[in-house]
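J.: Pasting the sequence and the predicted coordinates here, then a few questions.
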Amino acid sequence: MYQLEEKIYFYLLFIIPVLVVVFLLMQWWKTKKQRSFAQSNLLARLSPDRSIFKPILKLIVLSLAIASLVLALVNPKIGTKLETVKREGVDIVFAVDVSKSMLAEDVAPSRLDKSKRLVSEIINQLASDRIGIIAYAGSAFPQLPITTDYASAKMFLQSMNTNMLSSQGTAIDQAIRLAKTYYDDDEQTNRVLFIISDGEDHSEGAVSIAEEAANEEGIRIFTIGVGTAKGGPIPMRRNGINDGYKKDRDGEVVITKLNDEVLQEIAEETNGAYINGANTQEVVDFVKETLQEMDKTEFEAKQFVDYKDQFQWFLAIGLLLLFLDIFLLERKTAWLQKLNLFNEKAS
């Protein structure tokens, strides 16, 4: 297991392509000036030790040096000790609606982006709870099984989009059915399911399935409504570019609205609660208070507890390459010139 401490320094790697472009421009400028000064065979006689390969080698060495120093700044860490630790928490599953209606922009920047932000902020407030993620539209898909790895959860969360499921629609019942398989600990007394959706339920029986999950599995369902009562059109994007809005059979633009009635009914049937997701902080505070009131179940989790810095290796490599670059001259090396590996001898 490894960690990257300062990922922001990866942006410094853009220095390398800039160097390559500058190098190519300089080579082009030099070649142009040399040709205006003399013919190539005369230039070869005037500068017999000029190497074609050495400048490229220097660029490669300098690029590798920069890459190594950037990795040193990022400071990769390797987990060296794996321990089984005791943790207390609640099993939480997030079911995120990824149907096309979640592209509506009546909530900025879009309903789906707002949903992902809500889940991410909730995860930030968790300490030792286990979490899982489900994506659903016309069907449900297990995005992440129950885990204590919050970093992975956020990574999988950000990758969710409306194209990940081919079957469109909003089948809340499918999400609840799949969530029932997530709770693998029979001793866990508190099982929580958060459904984040605009409430457009195209399935039948979501309420009855929710009631069944509550009675048989002890699952409490909290629903978070994302969208507005006024609603908005559904943008149709192609290659990231807005290509108009979704229309019905009569050619009228479809307006999708928040349907909180279904979400409220599902929550009430399972001793949960409905929350309007308009204010992120209010949602996070409500979830935090609700989870604190629940009994925590003890479980075992394996995790790396000791990480060692690895920046020193990349720092040493980077400094060594910079030192080597200083002594790499652009003229031919005598013994390489004898070998003529790069066909640099003048004819």
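T.: Sure, I can see it.
J.: Neighbours of Ile122, how many?
T.: By other C-beta atoms under 10 Å, the residues close to Ile122 number 23. (Each C-beta comes from the backbone N, C-alpha and C, glycine too.)
J.: Make residue 1 into 401 and carry on from there
T.: Sure, I'll start numbering at 401, so the last one becomes Ile522.
J.: which residues touch the host helix or strand of it?
T.: Element membership for Ile522, per DSSP states H and E: helix 511-525. With contact meaning C-beta atoms under 8 Å, 6 or more residues apart in numbering, helix 511-525 is reached by 494, 496-498, 501-505, 507-508, 531, 533, 550, 553-554, 557-558, 560-562, 594, 596-598, 624, 626-627, 677, 680, 683-684, 687-688.
J.: Buried ones among those residues?
T.: Buried members of those, counted by 16 or more other C-beta atoms under 10 Å: 494, 496-498, 501-504, 507, 531, 533, 553-554, 557, 560, 562, 594, 596-598, 624, 626-627, 677, 683-684, 687.
J.: so how far is Leu503 from Asn676?
T.: Applying C-beta to C-beta, to the nearest Å, the value for Asn676 to Leu503 is 20 Å.
J.: Could you tell me which of the contacts of helix 511-525 belong to strands?
T.: Members of the contacts of helix 511-525 lying in strands (criterion: DSSP state E): Phe494, Val496, Asp497, Ile531, Ile533, Phe594, Ile596, Ser597, Ile624.
J.: How about the third one: which residues does it bridge to?
T.: For Asp497, the beta-bridge partners are Tyr536 (DSSP bridges).
J.: do the same with the last one
T.: For Ile624, the residues forming beta bridges with it (DSSP bridges) are Ile596, Ile675.
J.: any idea how far it lies from Asn615?
T.: Ile624 is 23 Å from Asn615, where distance means C-beta to C-beta.
J.: Kindly tell me how buried the nearest residue to Gly632 once chain neighbours are set aside is, as a neighbour count.
T.: Once flanking residues are discounted, Gly632 sits nearest to Asp506: 3.4 Å by C-beta to C-beta, 6 or more residues apart in numbering. Neighbourhood size, Asp506 [other C-beta under 10 Å]: 20.
J.: Then Lys430?
T.: For Lys430, the tally of surrounding residues (other C-beta under 10 Å) stands at 11.
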